[in-house]
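K.L.:
sequence unknown, structure follows:
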């Protein structure tokens, strides 16, 4: 499973337990908290704890995949980005 999908699935489970059914993020979509955490990943003020909370237990794999995408290595290595 794709790292972003792992986080989305975790966020969806979390949302179901906190809200009414059907309000969680869809699988394949990047949750807003995760998107915000990754937006700051290239800055000195990067908060690894925020990423950890948003990534639902998969912060390193998600951050590594994000770095590969940002650097263009995903397309160079022909990795599936979907």
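P.N.:
Thanks, I have the structure now. Computed from a predicted structure; not experimentally measured.
K.L.:
Tell me which helix or strand in this structure has the weakest average pLDDT.
P.N.:
The least trusted helix or strand in the chain, going by mean pLDDT, DSSP states H and E, turns out to be helix 3-18, with a mean of 54.
K.L.:
Which parts of this structure are helices?
P.N.:
3-18, 32-39, 48-54, 59-71, 73-76 (DSSP state H).
K.L.:
list the helices and strands the fourth one packs on?
P.N.:
Same thing as helix 59-71. Applying 3 or more Cβ pairs under 8 Å, 6 or more residues apart in numbering; DSSP states H and E, we find helix 59-71 packed against helix 3-18, helix 32-39, helix 48-54. For every residue, glycine as well, the C-beta is placed using N, CA and C.
K.L.:
which parts of stretch 47-67 are buried?
P.N.:
Within stretch 47-67, the residues that count as buried by 16 or more other Cβ atoms under 10 Å are 50, 51, 52, 54, 55, 56, 58, 59, 62, 63, 65, 66.
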